[in-house]
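K.L.:
Sequence unavailable; structure follows:
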DNA sequence: CTTGAGCTTACCGTTGCGTCAACCTTTAGG
DNA sequence: CCTAAAGGTTGACGCAACGGTAAGCTCAAG
């Protein structure tokens, strides 16, 4: 019989760990003096301890180890658990590889954009949303921006009206004749059309959900929005994504003076 | 300005996370109503949040992220931290690879030793120890075992006398003419020689420390000890270790009837 | 008998939030 | 105007696997 100290030096583990394993029922001492509470271990516990240490090294949690040891699991179950664990570790491994690639991409981005901080691209899931929107062709960015102002005035200030957005429906990058959809997210499920001019009116429609949307935030006027697109393009290239669906711009903070606004660009 | 709920849906994070980041000072809301305690975020915080999310994906801890954002760290420092992180992840990755190999080895071991449970081999560091020992040549395992009994009788029962051990000094695997050292670990630094017979006596010596020792536990009589050696051999082969130094056997539980005892075998 | 080493219980800290619980505020609708 | 529902707030506990520390009890040697 060994005391905790002896056992811990023999097994090369801390006494604290032995007490912990006793507490959680993973390795209970062979005998506990009821008067003093002293723990005493015997030689067979040493073998038990070794098994625990080995399984721990394999990456199993203490809970899994306890189940493997307490229930007399068959070798088949044992193999199943180990195979499962192996797959789990392989997944984690792939994740680490991803992270390394991302770090390298970020380092490269820092080197590229020396003074400027790199834009942060994050992927999100966008649920389906209701929106009041109008879809037409614009001559320039400025007219599109003006349409935002018109729309904002046409709708009263209500909490049920959310953020304003722009969706690009044109295929190529163009500077004129842009096929855009401009609108505002609403929380309601029904809404009468809102006239904006003699030709145009906002109508309710469902924005489809997007399972994977790369987003970044651009701060500044119209002239810097394209840098956001550029960043997202680079990011997609670096991380192996492809374009699928229409880019969206959501205006988080409206322009104070027909200039300088922050927006999220989503693709 | 957005409330926590709005901000959380926009950023695709939980409200709890926002509160947490506020608590730890990682992302404080732009404004907190002093009367109600309500938090309000603005659009620039959204950019801040995105940066946090990106750095989190890179594997940085929240503490590291806070330091990166609060202190206006230079791009050089930033790069340094990222490089450090990358190395760290690479280390972890190697560890995972090791684990996968170990799991595979274990699976193989299970398949090999169908009914029997595989022996658990763990690596330990052994510190230098004092020991009373005698070194000589034995004809058989039985005579060596008898020597253990003689030694045990020659020494009084004291707590300063520790476990009994055997060190194999012969080079090859032999069944006779074994060059063994038999002794007992002691906690003292000085001890007079103890005569065992007219020819032999126990003398104090230092057992050198071993930085890497593969150990396993064998339960049973003399006839199964060699299986332990076999297991350790297989294990070394599977995990890429090489023999360096003399094998040691430490008797954790003495034989009750000149048979059936548990021992740790160390190499 | 004393003294020091060794043992005990018990509680806090770590990391990054998820999950209640109890209790206020705001907003929309009747 | 009132009320209910939705949304906000501050705690507090829990998770995994122990490390570290403090106050107090036991044991073995001199």
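P.N.:
Yes, it's here. The model shown is predicted, which means the values in this text are computed figures rather than measured ones. Numbers count the residues shown, from 1 in each chain, chains lettered A, B, ... in the order given.
K.L.:
Might you list the low-confidence residue ranges for chain A?
P.N.:
A:114-116, A:255-265 (pLDDT under 70).
K.L.:
Downstream of the longest helix seen in it, the next helix or strand is which one?
P.N.:
For chain A, the helix reaching the highest residue count under DSSP state H is reported as helix A:75-112. Past helix A:75-112, further along toward the C-terminus, the next helix or strand under DSSP states H and E is strand A:122-126.
K.L.:
Might you calculate how far that next one sits from the centre of the chain?
P.N.:
Here strand A:122-126 is found 7 Å from its chain centre; the criterion is Cα atoms, centre = their mean, to the nearest Å.
K.L.:
before we move on, back to that, got the buried residues for the longest helix of chain A?
P.N.:
Under the neighbour-count criterion of 16 or more other Cβ atoms under 10 Å in any protein chain shown, helix A:75-112 has A:78, A:81-82, A:85-86, A:89, A:93, A:96, A:99-100, A:102-103, A:105-107, A:109-110 buried. For every residue, glycine as well, the C-beta is placed using N, CA and C.
K.L.:
same deal with stretch A:37-46?
P.N.:
Counting neighbours by 16+ other Cβ under 10 Å, the buried set in stretch A:37-46 is A:39, A:40, A:41, A:42, A:43, A:45, A:46.
K.L.:
Sort out for me which of the residues you listed are in helices.
P.N.:
Those of the buried residues of stretch A:37-46 lying in helices (DSSP H): A:43, A:45, A:46.
K.L.:
Including distance to residue B:18, could those go into JSON lines?
P.N.:
Below are those laid out as JSON lines (distance: Cβ to Cβ, whole Å):
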{"residue": "A:43", "distance to residue B:18": "55"}
{"residue": "A:45", "distance to residue B:18": "48"}
{"residue": "A:46", "distance to residue B:18": "50"}
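K.L.:
ok, of the residues you listed, which one's closest to residue B:4?
P.N.:
Within these, distances to residue B:4 taken as Cβ to Cβ reach their minimum at residue A:45, with 51.9 Å.
K.L.:
Touching, the closest one and residue A:4? I think so.
P.N.:
No - counting by Cβ atoms under 8 Å, residue A:45 does not reach residue A:4; the two are 11.2 Å apart.
K.L.:
Give me the common contacts of those two.
P.N.:
With contacts taken as Cβ atoms under 8 Å, 6 or more residues apart in numbering or on different chains, residue A:45 and residue A:4 have residue A:29 as neighbours in common.
K.L.:
residues in contact with the nearest residue to residue A:155 once chain neighbours are set aside?
P.N.:
Closest residue to residue A:155 apart from its sequence neighbours, by Cβ to Cβ, 6 or more residues apart in numbering or on different chains: residue A:161 at 5.5 Å. By Cβ under 8 Å, 6+ apart, the contact set of residue A:161 is A:155, A:184, A:185, A:186.
K.L.:
Going along the chain, name the strands of the stretch 101-250 of chain A.
P.N.:
Here the stretch 101-250 of chain A has its strands, by DSSP state E, counting those that start in this stretch, at A:122-126, A:129-138, A:161-168, A:178-186, A:194-195, A:201-207, A:210-220, A:248-253.
K.L.:
closest to residue B:56 out of these?
P.N.:
Counting by Cβ to Cβ, residue B:56 lies closest to strand A:122-126 out of the strands of the stretch 101-250 of chain A; the figure is 9.7 Å.
K.L.:
so which residue of chain A comes closest to DNA strand D?
P.N.:
Among all residues of chain A, residue A:61 sits closest to DNA strand D, at 3.1 Å; criterion: Cβ to the nearest atom of the strand.
K.L.:
Just list whatever residues bridge to the residue nearest to residue A:155.
P.N.:
Per DSSP bridges, residues listed as beta-bridge partners of residue A:161: residue A:186.
K.L.:
again, but for residue A:165
P.N.:
With DSSP bridges applied, residue A:165 shows beta-bridge pairing to residue A:183, residue A:250.
K.L.:
was I right about it contacting residue A:184?
P.N.:
Yes - using Cβ under 8 Å as the test, residue A:165 is close enough to residue A:184 to be in contact (7.2 Å).
K.L.:
shared neighbours, these two?
P.N.:
Taking Cβ under 8 Å, 6+ apart as the contact definition, residue A:165 and residue A:184 share the neighbouring residues A:131, A:133.
K.L.:
re earlier: could you dump the buried residues of stretch A:37-46 to a markdown table with distance to DNA strand C?
P.N.:
Compiled in a markdown table, the buried residues of stretch A:37-46 are given as follows (distance: Cβ to the nearest atom of the strand, whole Å):
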| residue | distance to DNA strand C |
| --- | --- |
| A:39 | 3 |
| A:40 | 8 |
| A:41 | 10 |
| A:42 | 14 |
| A:43 | 16 |
| A:45 | 13 |
| A:46 | 15 |
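K.L.:
Could you identify the most distant pair in the residues you listed?
P.N.:
Spatially, the most separated pair among the buried residues of stretch A:37-46 is A:39 and A:43, at 14.9 Å (Cβ to Cβ).
K.L.:
is stretch A:125-133 up against chain B anywhere?
P.N.:
Yes - counting by Cβ under 8 Å from any Cβ of the partner chain, chain B is contacted by stretch A:125-133 at residue A:125.
K.L.:
Can you give me the end-to-end span of that stretch?
P.N.:
End-to-end distance for stretch A:125-133: 21 Å, by Cα to Cα, to the nearest Å.
K.L.:
Quick one: distance of it to the chain centre.
P.N.:
Its chain's average C-alpha position is 20 Å from that of stretch A:125-133, according to Cα atoms, centre = their mean.
K.L.:
For the stretch 1-150 of chain A, which residues are neighbours of DNA strand D?
P.N.:
The stretch 1-150 of chain A has residues A:14, A:16-17, A:20-21, A:33, A:35-36, A:38, A:56, A:61-63 near DNA strand D, with proximity defined as Cβ under 7 Å from any atom of the strand.
K.L.:
Go ahead and measure how far stretch A:163-174 is from the middle of the chain.
P.N.:
Centre-to-centre, stretch A:163-174 and its host chain are 25 Å apart (Cα atoms, centre = their mean).
K.L.:
Done for today, thanks.
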